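Asker: What shape does this take:
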Amino acid sequence: MSYRVRSFAPAPAPKSASDQPQVPSALRIMTALVIAFVLISLLILLAGRVPFSPQPLPQSGSTSAQYVSDANQLLTTYGRNADGTYHIPINEAMKLIVERGLPVRATATPTP
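Answerer: Residues are numbered from 1 along each chain as shown. You can find the predicted model right below:
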């Protein structure tokens with residue numbers, strides 16, 4: 001005794017050779033792989049980019065030119081510092097070092 005369902009429909013007709021699914025050629029497979037590789041590479045390359053480059057915000061206050069001019073004025077003029085010491089131009093200081101020599105301590109102790 002068989003428990004198989006019996007179909008009373010006629011058996012399907014055998015398919016012809018033209019109805020069979022064709023196996024894709026190696027050229028089509030390689031083309032599909034190259035296209036997939038290019039698309040994935042582009043996605044990885046462009047993943048970290050933003051659509052618009054951020055613009056720096058304008059800053060108010062001092063500019064670098066102002067800092068440079070303040071430093072040049074301090075280095076090339078005579079004046080008094082806030083702590084009560086005086087400063088002289090660098091060129092004058094170098095001339096004085098050449099004339100007088102470097103300062104030497106009376107009791108020189110070696111530094112560790």
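Asker: going forward, measure contacts between C-alpha atoms and count neighbours the same way
Answerer: Noted.
Asker: SS state for the most centrally placed residue in the chain?
Answerer: Geometric centre of the chain, nearest residue: G48, 10.4 Å, by C-alpha atoms, centre = their mean. Under DSSP: H, G, I helix; E, B strand; the rest coil, the three-state class of G48 is coil.
Asker: How about the one 10 residues further on?
Answerer: At P58, secondary structure determined by three-state DSSP is coil.
Asker: same question, P110
Answerer: coil.
Asker: what about it, how many residues close to it?
Answerer: 5 (other C-alpha atoms under 10 Å).
Asker: pLDDT below threshold where in this structure?
Answerer: 1-3, 5-21, 49-51 (pLDDT under 70).
Asker: 90 - rerun?
Answerer: 1-28, 42-67, 74, 81-82, 102-112 (pLDDT under 90).
Asker: Let me see the ranges of the helices in it.
Answerer: Ranges of helices within the chain are 26-46, 64-76, 90-100, based on DSSP state H.
Asker: gap between the longest one and the chain center?
Answerer: Just to be clear, that refers to helix 26-46. Offset of helix 26-46 from its chain centre (C-alpha atoms, centre = their mean, to the nearest Å): 27 Å.
Asker: what does the last one give?
Answerer: Helix 90-100 has its C-alpha centroid displaced from the chain centroid by 47 Å (C-alpha atoms, centre = their mean).
Asker: cool, stretch 103-112 as well?
Answerer: With C-alpha atoms, centre = their mean, you get 50 Å for stretch 103-112.
Asker: Any idea how far apart the tips of that stretch sit?
Answerer: Stretch 103-112 has its terminal residues 20 Å apart, counting by C-alpha to C-alpha, to the nearest Å.
Asker: about what we covered before: how close does the residue nearest to the centre of the chain get to P56?
Answerer: In terms of C-alpha to C-alpha, G48 sits 19 Å off from P56.
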